[in-house]
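Q: got a predicted model here, sequence first, then my questions.
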Amino acid sequence: MSWYTQDLGRLGELFDRFPNVYAEVGAVLYDLGRQPRFARDFFIKYQDRILFGKDSFQPDEYPYYWRVFETEDEYFDYYRDYHAFWKLYGMGLPDEVLRKVYYENALRIIPDMPRNGFSGEN
């Protein structure tokens, strides 16, 4: 999502204008978690264009992503105090959207990607 998480409306305009543009959520969780209602609506509208991605493999960071995406928790700290100077809130995304963001979109746009390990895949 690059730094467009600070202006999801503009990213939506790009999605609307360029149908082959996709975004991933790697390093922008703290911006999504401070605007949960708008971000939730954005994820639902563009659920086929967003992928879960990370810049590095740090398993201790994943629970924060899950908490923002999957819960409606309120007012919790980000895991890095030098990135976000505000509290985060959960977006409470529907399961259908979560499946697309976590793996279905990637499987769709990268057809030769190995499918082992994904929910319901052999």
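A: That came through, no problem.
Q: how about the strands in this structure?
A: Along the chain, the segments classed as strands by DSSP state E run 23-24, 50-51.
Q: for those, give me TSV that also has distance to residue 74.
A: From N, CA and C alone the C-beta is placed, and that goes for glycine too. Output for those, formatted as TSV (distance: least, Cβ to Cβ, whole Å):
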stretch	distance to residue 74
strand 23-24	25
strand 50-51	23
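Q: got those strands as CSV, with mean pLDDT, mean neighbour count and distance to residue 62 columns?
A: Output for the strands of the chain, formatted as CSV (pLDDT from 0 to 100; neighbours: other Cβ atoms under 10 Å; distance: least, Cβ to Cβ, whole Å):
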stretch, mean pLDDT, mean neighbour count, distance to residue 62
strand 23-24, 92, 18, 15
strand 50-51, 96, 20, 15
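Q: which elements pack onto the helix or strand bottoming out on mean pLDDT in the chain?
A: Within the chain, no helix or strand scores below helix 29-32, which has a mean of 76 by mean pLDDT, DSSP states H and E. If contacts are counted by 3 or more Cβ pairs under 8 Å, 6 or more residues apart in numbering; DSSP states H and E, helix 29-32 sits against helix 62-70.
Q: alright, calling it a day.
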